[in-house]
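Trainee: need a structure here:
(one chain, ligands or ions: 3)
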Amino acid sequence: MLVGPMGSGKSTVGLVLGRRLGLQRLDADDLFVAQHGVISDYFSRNGEPAFRQAEEEVIGEVLSRAEPCVLSLGGGAVLSAQTRDRLRHGSHVVYLTVAEDAALARLNGGLGRPVLAGDPGRTWRRILAERHALYREVSQWTVDTTGRSTEDLATHIIRLVRQAESTTPTTGAVHP
Ligand SMILES: Nc1ncnc2c1ncn2[C@@H]1O[C@H](COP(=O)(O)OP(=O)(O)O)[C@@H](O)[C@H]1O
Ligand SMILES: O=C(O)C1=C[C@@H](OP(=O)(O)O)[C@@H](O)[C@H](O)C1
Ligand SMILES: [Mg+2]
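Mentor: Numbers count the residues shown, from 1 in each chain. Ligands and ions are numbered 1, 2, ... in the order given. Predicted structure coming up:
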């Protein structure tokens, strides 16, 4: 499972990991769109609380499936206590970080991400400050993606997970 702020590369790295591990790769935002339509339209029609509720349900459904998969979450998924609780039980969770300027360069002015409307830079920073502790709370590893290719990141993440699986669970948590 990949968590982290918008632009950290959760969706893109998830794709690479799925391919490299031969696992089904799911993106919570894509599942949301398939069920409810475009996120920014949903936001303007129903507001953020309704989006969060529907997002929690979509993620709950995926996490209750038995098959192993790589799941890229939306940046705000960790706002849900229920989702955090589900993530802490039985999943390998990686927190992808990124420097603010790199994230903003990747995010194309916040296009398609309604929570960044207005002043994307300031909003991105504020949102990260609000969520950083939640990302840490649910994850076993923190991996900085700034200046690293998605292939290199996938190699690094696969190594971390394999290492943890070959050692005892208590030594698996390796936040730097
Ligand atoms: N490690 C990376 N280096 C450079 N660009 C990246 C990297 N990871 C993702 N990107 C690009 O940044 C943009 C946002 O990535 P995305 O995977 O959608 O992030 P998230 O799902 O975390 O919001 C995409 O255009 C993607 O191609
Ligand atoms: O951080 C957020 O609140 C959001 C992040 C987006 O996903 P990404 O993190 O994949 O961009 C998407 O779920 C929605 O626009 C809200
Ligand atoms: Mg994404």
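Trainee: which residue packs closest to the residue of the chain found nearest ligand 1, ignoring adjacent ones?
Mentor: Closest to ligand 1 within the chain is residue 9: 2.8 Å, counting by CB to the nearest ligand atom. Where C-beta positions appear, they are placed from N, C-alpha and C, glycine not excepted. Leaving aside its sequence neighbours, residue 9 sits nearest to residue 145 (CB to CB, 6 or more residues apart in numbering; 4.9 Å).
Trainee: was I right to think residue 17 contacts residue 158?
Mentor: Yes - proximity of residue 17 to residue 158 meets the contact threshold set by CB atoms under 8 Å, at 7.1 Å.
Trainee: those two: which is more packed in?
Mentor: More crowded of residue 17 and residue 158, by other CB atoms under 10 Å: residue 17, with 23 against 14.
Trainee: and the more buried one, what pLDDT?
Mentor: According to the prediction, residue 17 has pLDDT 98.
Trainee: tell me which element it is part of?
Mentor: Element membership of residue 17, judged by DSSP states H and E, is helix 10-21.
Trainee: by contact count, what packs against that helix?
Mentor: strand 2-3, strand 24-27, strand 69-72, helix 150-166 (3 or more CB pairs under 8 Å, 6 or more residues apart in numbering; DSSP states H and E).
Trainee: cheers, nothing more for now.
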